[in-house]
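# Make a model of this:
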Amino acid sequence: MASDLLIRDISDALVILGAAGLVIPAFARFRISPVIGFILVGVLVGPSALGSLVDDYPWLFYVTITDPEGIAPFAEFGIILLLFSIGLELSFKRLWSMRRQVFGVGAAELLGCGALIALILYGFGLSEKGAIGLGLALALSSTALVLPMVGTKSPVGKAAFSMLLFEDLALVPIIFALGAMAPYASKDGWDGLFETLGFGALTIIILFLAGRFFLPRLFAQAARTKSPELFLSASLLVVIVASLATAGVGLSPIVGALLAGLLIAETEYHGEVETMTAPFKGLALGVFLITIGMSLDIATILKQWPDLLMAVVGVVLIKSVVTGLLLRFSGAPKGLSAEVGLLMASPSETTLIVLTTALAAGIISMQTAQFWQIVTAIGLTITPLLAKLGQYIARRIENKSGDLQQIMDADSGERRTIILGFGRVGQVVADMLERHGQPYLAVEANIDVVIAARADGYKVIFGNTARPEMLNRLNLDNAAAIVMTMNDPVQQVRSTAQIRKNWPDVPIVSRARDADHAAALYKAGATDAVPETLESSLQLSEAVLVDLGIAMGPVIASIHERRAEMRSEIMRKGDMDEEPRLRRTQMPQPKPSEG
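Here you go, the predicted structure:
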């Protein structure tokens, strides 16, 4: 018997590790979210697909998950590690600064979506208590899927995180409220809620004080041993203790995991802890996604697909519209509101917990719970697709936005520099132009970068300059210069040739990767091409040679010599008659000695 259990566990582990080793590279190659891959693997190896054929084909035992309940704890641990890693990226100061978004927009989103869904379900004949329970369950969104896709630092990630954080905090009150609504419940249900919240607050305060005192000493001792194993053990110990402490008083364990991450984030060891725990988080999260796929019953989906389709579309539509409108009313841009609305539109893994609670309380039937469990699993499966759709719609909205048009039209009568691409290089160029009083307009194809840059006061519009119509909108007849900073060498060459053909007199300054790329840019018509590898390498060389004690004169001479060699190489590769200018600035002349 023990041997059979061992073989079963090993075969399940083989399937999970095989999925991680095959799914992630395969889907990354086609630029598809591995989330979909893990869920599809769960469907394939689950009890409704290949798992149902094990009796007829015993060899399938080794490529299927034979014990879904056995891997469930690892899936839950993945969510705990996810919240822990989110806490590592935060700080108490940042969390406090988000309190209005968390308890304002976050609360309005959960209650608004829940109330509207409950009202519609009540209209379809569901009982009052059942409609409220399902409304609250379906209003929850997936922390485990949303945050890994958008993070917590981008404008989209910040908006999503504030709402998800409130949902995670509200999970326990929702569960107690549903228990109190049970037909057999008494007022003790509400008393239990207040008791749990009281003990929960006390536990959080104790963890906070203990963490501020013990964690720096614990990790300092682990660091002195220089043992990665001990450091990892200490990290996992902190997560597990905090999660068990909050779970022990009735709160969700993810609250403890988030608090543990916040406490470690306040220490100087947070970077090392994040690096140590990242592989475990990714693998455990993959297990969670596989369990979601395993919960999809193909036969039931095929039998009830019209009702399931209507339910999924209805939930997605209600949540995306309500969330988008709330964000818009709170002052968020139109594009960001639409993107976050679709990103948050699917139900959550915690929806399954609330559905189980509602079933145990007797306010919904088994058939109703199973139906909405399938709807939840389908919603989780399509979350990456909704995220892509949200990005597309946000781009279209921002592209047609009146605010962006105002930026384009502002000062359009004066000559200004056009910056194509607004990553780190583009921002430095914009800062320098601003410092010297030179007007500019930047164009970026990443909507998240555009939103963040505009929030910081930069004059940036969304647009893909690979399209000729976008270049025509930029009024390049009146451009003082064009600076290309995008990180796409092929597009840089094509855009340079197109601009030079239609606007022959405008100066074009472009970053280049190396001599070959610089030569191609000069061929296409660039006025100046700056090989970034050359200039950064020369500056590094200058610094290290001076630090080694070599005189400044020979160092500068060798740098000029190397730059001349690069000029010759670019001339040869680009079939140029004139020497290119790799650097316009001149070395400062020594001041005459005084006295």
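# only C-alpha atoms for contact and neighbour calcs from this point on.
Will do.
# Can I take it that Gly87 is in a helix?
Yes. Counting by DSSP: H, G, I helix; E, B strand; the rest coil, Gly87 is located in a helix.
# Need the per-residue pLDDT for it.
The per-residue pLDDT reported for Gly87 equals 74.
# which outside residues touch the helix or strand containing Thr368?
Here Thr368, judged by DSSP states H and E, is contained in helix 366-381. Residues from elsewhere that reach helix 366-381 (CA atoms under 8 Å, 6 or more residues apart in numbering): 35-36, 39, 138, 142, 145, 292-293, 295-297, 301, 308, 311-312, 346-349, 351-352, 355-356, 359.
# Cross the residues you listed against helices and list the overlap.
Taking DSSP state H, the ones among the contacts of helix 366-381 that sit in helices are 35-36, 39, 138, 145, 292-293, 301, 308, 311-312, 349, 351-352, 355-356, 359.
# before we move on, back to that, give me the buried entries from the contacts of helix 366-381.
Buried members of the contacts of helix 366-381, scored by 16 or more other CA atoms under 10 Å, are 35-36, 39, 138, 142, 145, 292-293, 295-297, 301, 308, 311-312, 346-349, 351-352, 355-356, 359.
# For Gly198, see how far away Gly423 is.
48 Å (CA to CA, to the nearest Å).
# Settle it for me: which of those two has more neighbours?
More crowded of Gly423 and Gly198, by other CA atoms under 10 Å: Gly423, with 16 against 12.
# can you give me phi and psi for that one?
The phi and psi values for Gly423, taken as degrees, to the nearest 10, are phi -80, psi -150.
# mean confidence score for the helix or strand containing Leu545?
Per DSSP H and E, Leu545 falls inside helix 532-547. Average pLDDT, helix 532-547: 76.
# how about it as CSV, C-alpha atoms only?
Only the C-alpha atoms of helix 532-547 are listed here, as CSV (Å, rounded to 0.1, in the frame of the first residue of the first chain):
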residue,chain,number,x,y,z
GLU,A,532,25.5,52.6,-27.5
THR,A,533,27.9,49.7,-27.0
LEU,A,534,30.8,51.8,-28.1
GLU,A,535,30.1,54.9,-26.0
SER,A,536,29.3,53.0,-22.8
SER,A,537,32.3,50.7,-23.3
LEU,A,538,34.6,53.7,-23.9
GLN,A,539,33.3,55.4,-20.7
LEU,A,540,33.8,52.3,-18.7
SER,A,541,37.3,51.9,-20.2
GLU,A,542,38.2,55.5,-19.3
ALA,A,543,37.0,55.1,-15.7
VAL,A,544,38.9,51.8,-15.1
LEU,A,545,42.1,53.0,-16.8
VAL,A,546,42.2,56.2,-14.7
ASP,A,547,41.5,54.2,-11.5
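# counting contacts, what elements does it pack onto?
Judged by 3 or more CA pairs under 8 Å, 6 or more residues apart in numbering; DSSP states H and E, helix 532-547 is in contact with helix 552-574.
# For Leu548, give me the backbone phi and psi.
phi -80, psi 0.
# Next one: Ile461 from Val429, what distance?
16 Å.
# Spatially central residue in the chain, please.
Val150 (1.8 Å; CA atoms, centre = their mean).
# Quick check, pLDDT for it.
On pLDDT, Val150 comes in at 79.
# ok, the closest residue to it other than its chain neighbours - contacts?
Spatially, and ignoring its direct neighbours in sequence, Val150 is nearest to Gly157 (5.0 Å; CA to CA, 6 or more residues apart in numbering). Gly157 sits next to Leu147, Val150, Gly151 when contact means CA under 8 Å, 6+ apart.
# which SS class is the first one?
Right, the one you point to is Leu147. helix.
# Can you list the low-confidence ranges for the stretch 101-250 of the chain?
The model of the stretch 101-250 of the chain has pLDDT under 70 over residues 172, 176, 179-193, 196.
# hang on, the earlier thing: now, among the contacts of Gly157, which is nearest to Glu469?
Nearest to Glu469, judged by CA to CA, of the contacts of Gly157 is Val150 at 29.9 Å.
# Go ahead and confirm that closest one touches Ala159.
No. The criterion here is CA atoms under 8 Å, and Val150 misses it with Ala159 at 10.2 Å.
# Please pull out the lowest mean pLDDT helix or strand from the protein.
Across the helices and strands of the chain, mean pLDDT, DSSP states H and E gives its lowest value to helix 402-409, namely a mean of 49.
# Can you give the distance of the next helix-or-strand element following that one from its chain's centre?
Once helix 402-409 ends, the next helix or strand along the chain (criterion: DSSP H and E) is strand 416-420. Put simply, strand 416-420 sits 29 Å off its chain's centre (CA atoms, centre = their mean, to the nearest Å).
# which secondary structure elements does strand 416-420 contact?
Checking 3+ CA pairs under 8 Å, 6+ apart, strand 416-420 ends up next to helix 424-435, strand 440-444, strand 479-484.
# Run the chain-centre distance for stretch 488-497.
Stretch 488-497 has its C-alpha centroid displaced from the chain centroid by 29 Å (CA atoms, centre = their mean).
# For it, give me every contacting residue.
Residues outside stretch 488-497 that contact it (CA under 8 Å, 6+ apart): 465-466, 484, 486, 508, 510, 512-513, 517, 520-521, 524-526.
# Any idea how far apart the tips of stretch 46-60 sit?
11 Å.
# Repeat that for stretch 55-73.
26 Å.
# Which residue ranges of this structure form strands?
Using DSSP state E, the strands of the chain run over residues 416-420, 440-444, 460-462, 479-484, 508-512, 528-531.
# so can I have TSV of those strands showing mean neighbour count?
Output for these, formatted as TSV (neighbours: other CA atoms under 10 Å):
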stretch	mean neighbour count
strand 416-420	22
strand 440-444	25
strand 460-462	27
strand 479-484	22
strand 508-512	24
strand 528-531	22
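# which ones are touching Val313?
Contacts of Val313 by CA under 8 Å, 6+ apart: none found.
# Would you reformat the strands of the chain as a markdown table and include distance to Gln498?
Listed next are the strands of the chain as a markdown table, based on distance: least, CA to CA, whole Å:
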| stretch | distance to Gln498 |
| --- | --- |
| strand 416-420 | 14 |
| strand 440-444 | 16 |
| strand 460-462 | 20 |
| strand 479-484 | 13 |
| strand 508-512 | 11 |
| strand 528-531 | 16 |
